[in-house]
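**Q** let me see the structure of the following:
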Amino acid sequence: MQRTYAERGLVVVAVNLDQERALADEFLREFSPHFRIMFDSKGALAESFKVSGMPSSFAIDRRGVVRYRHVGFREQTQAALDSELRALVAEK
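**A** Take a look at the predicted model:
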């Protein structure tokens, strides 16, 4: 998603909640994501966004308003997620 929509302003930020940074670093070395990773071992961001399950996704518009939220990931929802992102990056 980051590569697909970056030119239109999308920024993907993942938040890792692992207590041990070494576990997260090992995962990241293996998968080499192409987006920003933040570490939040105390869970402050998860608490402020009221995360109820993992993974959770939030689509935030250019004004900082959470427009879409999803808990879990299923391939069947990929088209809906893509449609939401296309709509958001098309907004001025």
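
**Q** outside of whatever helix or strand Glu84 lives in itself, list whatever touches it.
**A** In the assignment (DSSP states H and E), Glu84 maps to helix 78-90. Contact with helix 78-90 is made by 1, 5, 8-10, 57, 59, 61-62, 67-68, 70, as judged by Cβ atoms under 8 Å, 6 or more residues apart in numbering. Every residue, glycine included, has its C-beta placed from N, CA and C.

**Q** next one, pLDDT for Asn16 please.
**A** Here, the pLDDT recorded for Asn16 equals 88.

**Q** surely it and Gly43 touch.
**A** No: assessed by Cβ atoms under 8 Å, Asn16 is found out of contact with Gly43, at 10.8 Å.

**Q** quick one, which of those two is more surrounded?
**A** When Asn16 and Gly43 are compared for neighbours, Asn16 comes out ahead with 15 against 12, by other Cβ atoms under 10 Å.

**Q** who touches the nearest residue to the more buried one once chain neighbours are set aside in this structure?
**A** Nearest non-adjacent residue to Asn16, counting by Cβ to Cβ, 6 or more residues apart in numbering: Ala24, 4.6 Å away. Taking Cβ under 8 Å, 6+ apart, we find Ala24 in contact with 16, 18, 37, 39.

**Q** mind listing the strands for the protein?
**A** Secondary structure of the chain (DSSP state E): strands at 13-16, 36-39, 56-60, 66-71.

**Q** now tabulate these in JSON lines and tack on distance to Arg86.
**A** JSON lines is the format used below for the strands of the chain (distance: least, Cβ to Cβ, whole Å):
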{"stretch": "strand 13-16", "distance to Arg86": "19"}
{"stretch": "strand 36-39", "distance to Arg86": "21"}
{"stretch": "strand 56-60", "distance to Arg86": "11"}
{"stretch": "strand 66-71", "distance to Arg86": "12"}
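
**Q** now for the ones you listed, which one comes closest to Thr77?
**A** Taking Cβ to Cβ, strand 66-71 is the member of the strands of the chain nearest to Thr77, at 6.8 Å.

**Q** CA atoms only for the closest one, dumped as PDB, please.
**A** Coordinates of each C-alpha in strand 66-71 appear next as PDB, following Å, rounded to 0.1, in the frame of the first residue of the first chain:
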ATOM      1  CA  VAL A  66      -9.800   8.500  11.800                       C
ATOM      2  CA  ARG A  67     -12.100   7.600   8.900                       C
ATOM      3  CA  TYR A  68     -11.800   3.800   8.800                       C
ATOM      4  CA  ARG A  69     -10.800   1.200  11.400                       C
ATOM      5  CA  HIS A  70     -10.400  -2.500  10.900                       C
ATOM      6  CA  VAL A  71      -9.600  -5.300  13.400                       C
END
